[in-house]
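**Q** Sequence below, structure please.
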Amino acid sequence: MAMAPRRTSIGRQRIDIRPIENHEARQVCFSKRRTGLFNKASELAIMCGAELAAVVFSPGGKAFTFGDPSVDAILQRFDPAGAAPADGEGHW
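**A** Purely as a prediction, here's the structure:
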């Protein structure tokens, strides 16, 4: 009887959810997870026809946004009077 071939890798491992102490590792993790989050948001918008906006702040305080059809269009639903955006130049 032939044996099944052994796996050469241990596969995807579960990680502990805890703060990352190393600053550079934390920044890399943030960038990768932000990209993954925005990809999932895009898939949701495309596959389900959802309109959505996501705002993520980096550990350094910089805001990153994703919106479908746009962040401004989604946020208009919450402020139909058209108050000035946070930066005063038409960008949230």
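**Q** what comes up buried for the longest helix along the chain?
**A** Ranked by residue count and defined by DSSP state H, the top helix of the chain is helix 23-48. For helix 23-48, burial by neighbour count (16 or more other Cβ atoms under 10 Å) applies to Phe30, Phe38, Ala41, Ala45. Where C-beta positions appear, they are placed from N, C-alpha and C, glycine not excepted.
**Q** then the helix or strand encompassing Ile74 to CSV, C-alphas only?
**A** Counting by DSSP states H and E, the element that carries Ile74 is helix 71-76. The C-alpha coordinates for helix 71-76 follow below in CSV (Å, rounded to 0.1, in the frame of the first residue of the first chain):
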residue,chain,number,x,y,z
VAL,A,71,-15.8,58.1,0.1
ASP,A,72,-17.3,61.5,-0.6
ALA,A,73,-20.4,60.1,-2.1
ILE,A,74,-20.9,57.7,0.9
LEU,A,75,-20.3,60.4,3.5
GLN,A,76,-22.8,62.8,1.8
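**Q** Next, the buried residues of that helix.
**A** Using 16+ other Cβ under 10 Å as the test for burial, helix 71-76 gives Val71, Ile74, Leu75.
**Q** give the contact list for the spatially most central residue of the chain.
**A** In the chain, the C-alpha nearest the mean C-alpha coordinate belongs to Leu37, at 2.8 Å (Cα atoms, centre = their mean). Residues in contact with Leu37, defined by Cβ atoms under 8 Å, 6 or more residues apart in numbering, are Ala54, Val56, Phe66.
**Q** Return a PyMOL selection command for the buried portion of the residues you listed.
**A** Buried residues among the contacts of Leu37 (16+ other Cβ under 10 Å), as a PyMOL selection:
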select buried, resi 54+66
